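A.B. asks: below are the sequence and a predicted model for it; my questions follow.
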Amino acid sequence: TGTVFAYGQTNSGKTYTMRGSANEPGIIPLAVHDLFRTIQQHMDREFLVRMSYMEIYNEEINDLLVPEHRKLQIHENYERGIYVAGLSEEIVTCPEQVLKFVSFGESHRHIGETNMNVYSSRSHTIFRMVIESRDKADDSDTDSCDAVRVSVLNLVDLAGSERAAKTGAEGVRLKEGSHINKSLMTLGTVIKKLSEGIKGQGGHVPYRDSKLTRILQPALGGNANTAIICNITLAQVHADETKSSLQFASRALRVTNCAEINEILTDAALLKRQRKEIEELRAKLKNSQSEHLDEDVLHLRNTLLQSELEKERIALELEEERKAKEQREKRLLQQAKKIENLSSLVLNSERDDRAIVSSKNKRRQTWCARPLSNEFSVEVQEPASEQGSASSSVRDERNMGMPPCFEELMQESYASNVEPSAHGYSFSDLSNEDVSLPDAHALLHVTSRRKPNTMKKSDQEQLRGSVPELPQDPNEQKDAMLSQEPSGLSARESEAILVIKQLQDQVNSLELEKSLIQNNLDDVLEVATQQKASFTEKYEELQKNALALQEEAKIAGEKLSALATI
Ligand SMILES: Nc1ncnc2c1ncn2[C@@H]1O[C@H](COP(=O)(O)OP(=O)(O)OP(=O)(O)O)[C@@H](O)[C@H]1O
């Protein structure tokens, strides 16, 4: 529904606004032409246009198209809403026809002469057009709908809103004025209440207090688009009226309407529409089902694929870590072996030195390079058992890396230090003599020049191979050894100690690295376990959702089939 009011004091141009002139058409001719132009544009629909024209004069409703129809009553029912019973409605097909009826109606309108306007409108007129339309398509077309859309256009020319005294009205004019003012007063009250939101709060709006507000009830705060044109005169004498008109307009601005499309549905049309809705819903459901299921399956597949890939990646990482760990352990074992070997070498070397010192002592006391005689005797200072055990243990240890033959050493010692020719002495002679021979270990000092050769070639290579970190420059090596070693150690010992230290450092760093990698491995394992758990959880959740969706789809399908049966 659309409604246009022309509101204002007398002689302000309301009638002119609504009707206009031949050169300057007003709202009524403009709206009529526009309506028929729109109808022509909608070829897919068929239209039925009806018009009526009435006036409210002294709170009486008169039919302007059939002047005999006077004092018509207002009724209201569910189907038609508020309507004027007995009001004639002319079916019109073109603008000219409408305007002709309007002119006819105007000629029967109540006008009177006032001080202000010779042809003053003494009544409110309501020009109404009812437009019904529906789709042109035939019954076999399932896309069409039989619903009839009903639109109403009210164009209202109100009587002057001025106070009676100003117009100089008296007698009949005065009575007219009071009635006119009653309708306009009620209109003002209704607009005021609506603007204050009384209707929204469930308050009373006095539509029934006047014929005008009762007929136009849907246009005032109801199902309509409403425009109020407020006409004013600029003359200083009408300042109060102008102010009052503007106040009315200001209040009207705050009224909110809610326009809806009005449709009349027959049973057949209703059934057809519902069937159509069912079809639409069914198609939508089918689409949404298949779309959702496809999406879900795709999503699940993706998730599975991702989790599989992740699992493979983690397995690869674990395998690599395991291999690296094995290699490290292998290296550690090798290093430990080397350290063990080197340690044994150092121990041998130390014991050799001790033995040398011991033998030196003995030589000083018990054996010297002097002519041997049969009375030659040797005083053994240390207990023989101790010496013997020391000798044997040293010999045993020496056998691990340095295997010089005792007999050889003996022979060499005597060959180099004892001159048999000078002393008339030979080993064979001595063997049968009752003399105390020096301890075998004590003789080692005699063969000290052979010591470097006593180390196995393989041991030497091993030692060389295990000291790659030593400074290449001999001076540097020497310096490094001197700075780290206690004085009194041989170069080989210092070297070995240095290597051991370096190897121990390496072992320590490798141990550290190992523990770090172990930690990393633990972390990776933990993350992998967590991810696996979350993936499993997600997978289960998605499966649940898919089941729920299937259940919903099933229920919806059942509902639809039930609806279709109905
Ligand atoms: N815009 C306009 N252009 C030319 N003439 C106008 C215009 N507006 C009003 N008039 C003239 O002013 C006079 C009064 O206008 P009109 O009858 O429309 O006033 P009204 O508000 O309807 O008065 P009433 O309430 O007494 O009927 C008329 O003679 C009309 O032709």
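C.D. replies: Noted; the coordinates are in hand.
A.B. asks: contact partners for the nearest residue to Gln97 once chain neighbours are set aside?
C.D. replies: Residue nearest to Gln97 in three dimensions, not counting chain neighbours: Glu90, with 8.0 Å by C-beta to C-beta, 6 or more residues apart in numbering. Yep, even glycine has a C-beta here, placed from its N, CA and C like the rest. Listed by C-beta atoms under 8 Å, 6 or more residues apart in numbering, the contact set of Glu90 reads 50-52, 65, 97, 101.
A.B. asks: tally of neighbours for the closest residue to Ser210 other than its chain neighbours?
C.D. replies: Spatial nearest neighbour of Ser210, excluding adjacent residues (C-beta to C-beta, 6+ apart): Thr186 at 3.7 Å. By other C-beta atoms under 10 Å, 19 other residues sit near Thr186.
A.B. asks: equivalent analysis for the one 5 residues further on, please.
C.D. replies: Counted with other C-beta under 10 Å, residues neighbouring Ile191 total 25.
A.B. asks: now it, what are its backbone angles?
C.D. replies: phi -60, psi -40 (degrees, to the nearest 10).
A.B. asks: hmm, Val255 and it touching each other?
C.D. replies: Yes. Between Ile191 and Val255 there is a contact under C-beta atoms under 8 Å: 6.2 Å.
A.B. asks: now the common contact residues for these two.
C.D. replies: Leu220.
A.B. asks: re the thing from before, now tabulate the contacts of Glu90 in a markdown table and tack on distance to the ligand, neighbour count and pLDDT.
C.D. replies: Listed next are the contacts of Glu90 as a markdown table, based on distance: C-beta to the nearest ligand atom, whole Å; neighbours: other C-beta atoms under 10 Å; pLDDT from 0 to 100:
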| residue | distance to the ligand | neighbour count | pLDDT |
| --- | --- | --- | --- |
| Arg50 | 26 | 15 | 92 |
| Met51 | 21 | 22 | 94 |
| Ser52 | 21 | 21 | 94 |
| Leu65 | 20 | 18 | 92 |
| Gln97 | 24 | 16 | 93 |
| Phe101 | 20 | 19 | 93 |
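A.B. asks: just those residues: which are in helices?
C.D. replies: Judged by DSSP state H, the contacts of Glu90 include 97, 101 as members of helices.
A.B. asks: before we move on, the earlier item: looking at the residue nearest to Ser210 now. What's its pLDDT?
C.D. replies: For Thr186, the model assigns a pLDDT of 88.
A.B. asks: need the next SSE after the helix or strand containing it, C-terminal direction.
C.D. replies: According to DSSP states H and E, Thr186 maps onto helix 172-195. Beyond helix 172-195 on the C-terminal side, the first helix or strand identified by DSSP H and E is helix 211-215.
A.B. asks: so which elements touch the next helix or strand after that next one?
C.D. replies: Downstream of helix 211-215, the next assigned helix or strand under DSSP H and E is strand 225-231. Counting contacts by 3 or more C-beta pairs under 8 Å, 6 or more residues apart in numbering; DSSP states H and E, strand 225-231 packs against strand 2-8, helix 14-19, helix 239-253.
A.B. asks: give the buried residues for strand 225-231.
C.D. replies: 226, 228-231 (16 or more other C-beta atoms under 10 Å).
A.B. asks: which one of those is nearest Leu281?
C.D. replies: Looking at these and their distance to Leu281, the nearest is Thr226, at 36.3 Å (C-beta to C-beta).
A.B. asks: and the spatially closest residue to the closest one that is not a sequence neighbour, how far from Arg251?
C.D. replies: Of all residues not flanking Thr226 in the chain, Thr3 sits nearest, at 4.5 Å (C-beta to C-beta, 6+ apart). Going from Thr3 to Arg251 by C-beta to C-beta, to the nearest Å gives 17 Å.
A.B. asks: I appreciate the help and will end here.
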